[in-house]
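A.B. asks: Provided below for reference: sequence and predicted model.
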Amino acid sequence: MSFLKKVFAIYALLIFLSVFFLLLPLFYLFIYFDSCRNIVHWIYRIWGLLVMFFCGLRYKIIKSKSLELNKSYIFCANHTSFLDIPTLYCSIYQDFYFIGKSSLGKVPLFGPLYRKMHILVDRKSKDSKIETIVRTKKALDEGKSIVIFPEGTIPKAGTRPQMIDFKEGAFKIAIEKGVPIVPVSIPNNYKILPDNDKLNASMARCVVIFHDPISTIGLTMDDVPLLKSKVYQIIDSKLDHHAIE
């Protein structure tokens, strides 16, 4: 069984890269035109869908009926796998900016695309943190959404998605701008493509759960700890149940 998991992991990685390289000319054709952001977003979405299809992954999106397509949100998702990024591209139809680590911008070929389309932050640099806040607020003012992994990293792999404490940045910005927060639970990606050096993968169902938006209107910075705790609990409440599907 372990051997088959390694074979599937290698196959999935080859599909992941092959589809990306196949679409690379289209990425670079549109990436440097601000008016083409939506086209690039859909190319990314096609990339994610093709990866799911050729890897034979069952895919299920559960969305709250309260979500509005043309409204700005801050989507907060748990993070367990590199598969989380294409998964969210498949699931979110709004134009959005990921907030990610600056190291992603150094990945060959992928890095320049990611830097152009999204917001990268070097958490060791005060200037970078300030620039990230400014760019995030600007994106929200322009009607865009933000996608963030509030844990700030992928926690150590375990027997289930075990989240670590959330960072406060996204919650402070949400309150300041009055933007709703949408908790997102991704329970199975840690099994499909785990973030470890064992090169094991499994054919689990890819499930993405978008919970009801949480209004931040009327909240103050004193409410940040309570808001952060509420979002954490909502995300965590679905990780065990759906992980066995």
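C.D. replies: Right, received. Where do you want to start?

A.B. asks: CA only for contacts and neighbour counts going forward, please
C.D. replies: Will do.

A.B. asks: so the residue positioned nearest the centre of the chain, which state does it fall into?
C.D. replies: By C-alpha atoms, centre = their mean, the mean C-alpha position of the chain lies nearest to residue 85, the distance being 4.6 Å. Secondary structure assignment for residue 85 (DSSP: H, G, I helix; E, B strand; the rest coil): helix.

A.B. asks: also residue 65?
C.D. replies: Per three-state DSSP, the local secondary structure of residue 65 is coil.

A.B. asks: what does residue 191 give?
C.D. replies: Residue 191 - assigned by three-state DSSP - is helix.

A.B. asks: burial check on it, number of neighbours?
C.D. replies: 23 (other C-alpha atoms under 10 Å).

A.B. asks: that one against residue 204, yeah?
C.D. replies: Yes: with contact defined as C-alpha atoms under 8 Å, residue 191 reaches residue 204; the gap is 6.8 Å.

A.B. asks: let me see the contact set for residue 79.
C.D. replies: Residues near residue 79 by C-alpha atoms under 8 Å, 6 or more residues apart in numbering: 149, 151, 153, 154, 155, 163, 186.

A.B. asks: farthest-apart pair in those, please.
C.D. replies: Greatest spacing in the contacts of residue 79, by C-alpha to C-alpha: 153 and 186 (14.6 Å).

A.B. asks: so between these two, which is more surrounded?
C.D. replies: Neighbours were counted for residue 153 and for residue 186 using other C-alpha under 10 Å; residue 186 has more, 27 against 16.

A.B. asks: ranges for the helices of the chain?
C.D. replies: 2-30, 37-54, 84-91, 110-117, 126-141, 169-177, 189-192, 224-236, 239-243 (DSSP state H).

A.B. asks: report the distance from the second one to the chain centre.
C.D. replies: Centroid separation for helix 37-54 versus its chain: 14 Å, with C-alpha atoms, centre = their mean, to the nearest Å.

A.B. asks: which strands and helices sit next to that helix?
C.D. replies: Other elements packing on helix 37-54 under the criterion 3 or more C-alpha pairs under 8 Å, 6 or more residues apart in numbering; DSSP states H and E are helix 2-30, helix 84-91.

A.B. asks: which stretch among those comes nearest residue 168?
C.D. replies: helix 84-91 (20.9 Å).

A.B. asks: residue ranges in the chain under the pLDDT threshold?
C.D. replies: 1, 157-161, 195-202, 241-245 (pLDDT under 70).

A.B. asks: first vs last residue of stretch 58-66, how far apart are they?
C.D. replies: The first residue of stretch 58-66 is 25 Å away from its last residue (C-alpha to C-alpha, to the nearest Å).

A.B. asks: quick one: closest of the helices of the chain to residue 63.
C.D. replies: Here helix 84-91 is closest among the helices of the chain (C-alpha to C-alpha), at 9.2 Å.

A.B. asks: okay, the closest one in PDB with CA atoms only?
C.D. replies: Presented in PDB, the C-alpha positions along helix 84-91 are these (Å, rounded to 0.1, in the frame of the first residue of the first chain):
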ATOM      1  CA  ASP A  84      -4.800  23.900  -1.000                       C
ATOM      2  CA  ILE A  85      -4.000  26.700  -3.500                       C
ATOM      3  CA  PRO A  86      -5.300  24.900  -6.600                       C
ATOM      4  CA  THR A  87      -8.300  23.700  -4.500                       C
ATOM      5  CA  LEU A  88      -9.300  27.200  -3.600                       C
ATOM      6  CA  TYR A  89      -8.800  28.400  -7.200                       C
ATOM      7  CA  CYS A  90     -11.300  25.700  -8.200                       C
ATOM      8  CA  SER A  91     -13.800  26.900  -5.500                       C
END
